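Asker: sequence first, predicted coordinates after that:
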Amino acid sequence: MQKPNEQATPELESGLDDSQVLAYLRAHPEFLAEHAELLAPLLSLERESGDRIVDLQRFMAERLKRRLRELEEESQQMVGLARLNLKSQARVHRAVLALMGASSFEHLIQVTTIDLPVFLGLDVAALCIEAAGSPPPRCETTGVRLLDRGAVDRLLGPARDLLLRQNVRGERAIFGAGAALVRSDAMMRLKISPATPVGLLALGSRKESRFHPGQGTELLGFLARVVEISIRAWLDLPL
């Protein structure tokens, strides 16, 4: 029989035993995180030795260290991506300035097909245009490759203007002799003018993942638009 000055054990007050409490906590791991004040009395206790004593302070400290390491790794990844984006942006800006500074149409084609890979850290670039009816003006310029009619739609799809591919073999019809180097590429539709067939700007790299489907395309799309405008301006074509 319980004495008047004795308190009932938690088990008698709550009707719960240890196994039920443990089962609840295992089923609801967020409980202690949402009620952190319950841990304060436990963390203030002096540490004891013994097989059945759990060192909560050490457990939580190690957990915090793991989380800090994870946050540091995430931060380093974000910094790395930001630096890579800035580097890519600077490269595209240099390429655009070179396109705008071309002194002739032939010089523009040279910048597009020879200088762009240097500016962008790539291996090969190609400027293509579909053959349709009479040859487009000055299509015989060295560096411009002719494709079969409908080739761009077959490659990109009729509703797509840009395609990034990784782990590929370069297509000789597009890259010519440089196709052997290509292991990833970027294909961009060129809508030069209603008076000309559709064109294609192709960039290739020997690195298998230099271009990949999950990559951002804003800078590449901007570069393609500059090439369109530059060609249209030099050939005095209608918009």
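Answerer: Sure thing, it's come through.

Asker: once you drop chain neighbours, what's closest to the residue nearest to the spatial centre of the chain?
Answerer: Closest residue to the average C-alpha location of the chain: Q215 at 3.6 Å, with Cα atoms, centre = their mean. Using Cβ to Cβ, 6 or more residues apart in numbering and skipping the chain neighbours, the partner closest in space to Q215 is L164 (5.5 Å). (Each C-beta comes from the backbone N, C-alpha and C, glycine too.)

Asker: helix or strand right after the host helix or strand of the one you found?
Answerer: In the assignment (DSSP states H and E), L164 maps to strand 162-165. The helix or strand immediately downstream of strand 162-165 is helix 172-175, counting by DSSP H and E.

Asker: low pLDDT regions in this protein?
Answerer: Where the chain drops to pLDDT under 70, the residues are 1-15, 36-57, 81, 133-142.

Asker: state the next helix or strand along the chain beyond the longest helix anywhere in the chain.
Answerer: Using DSSP state H, we find that the single longest helix of the chain is helix 56-100. With elements assigned by DSSP H and E, the helix or strand that comes after helix 56-100 is helix 105-110.

Asker: check which helices and strands that following helix is in contact with.
Answerer: With contacts taken as 3 or more Cβ pairs under 8 Å, 6 or more residues apart in numbering; DSSP states H and E, helix 105-110 sits against helix 218-234.

Asker: now tell me what touches the helix it packs on from outside.
Answerer: If you take Cβ atoms under 8 Å, 6 or more residues apart in numbering as the criterion, helix 218-234 is touched by 88-89, 92, 95-96, 99-100, 102, 104-105, 108, 112, 127, 161-162, 164, 186, 188-193, 199, 201, 203, 237, 239.

Asker: part of a strand, is G204?
Answerer: Yes: the assignment for G204 by DSSP: H, G, I helix; E, B strand; the rest coil puts it in a strand.

Asker: residue numbering should commence at 15 henceforth.
Answerer: With the count now opening at 15, the last piece we talked about shows up as G218.

Asker: list the beta-bridge partners for it.
Answerer: Bridge pairing for G218 (DSSP bridges) gives the partners V138, D199.

Asker: that one: how many residues sit nearby?
Answerer: G218 has 28 neighbours, counted by other Cβ atoms under 10 Å.

Asker: could you measure it against V93, distance?
Answerer: Distance, G218 to V93, using Cβ to Cβ, to the nearest Å: 29 Å.

Asker: buried residues in the helix or strand hosting R168, which are they?
Answerer: Using DSSP H and E, R168 sits in helix 165-170. Buried residues in helix 165-170, counted by 16 or more other Cβ atoms under 10 Å: 165-166, 169-170.

Asker: who touches that helix?
Answerer: With contact meaning Cβ under 8 Å, 6+ apart, helix 165-170 is reached by 142, 144, 176-177, 187, 201, 203, 212-214.

Asker: can I get it in CSV? Just the C-alpha atoms.
Answerer: Extracted in CSV, the C-alpha atoms of helix 165-170 (Å, rounded to 0.1, in the frame of the first residue of the first chain):
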residue,chain,number,x,y,z
ALA,A,165,17.3,18.1,-91.0
VAL,A,166,17.0,20.6,-88.2
ASP,A,167,13.4,19.6,-87.3
ARG,A,168,14.5,15.9,-87.4
LEU,A,169,17.4,16.7,-85.0
LEU,A,170,15.7,19.1,-82.6
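
Asker: looking at the contacts of helix 165-170, which is nearest A193?
Answerer: Using Cβ to Cβ, A187 is the member of these that sits closest to A193, with 8.3 Å.
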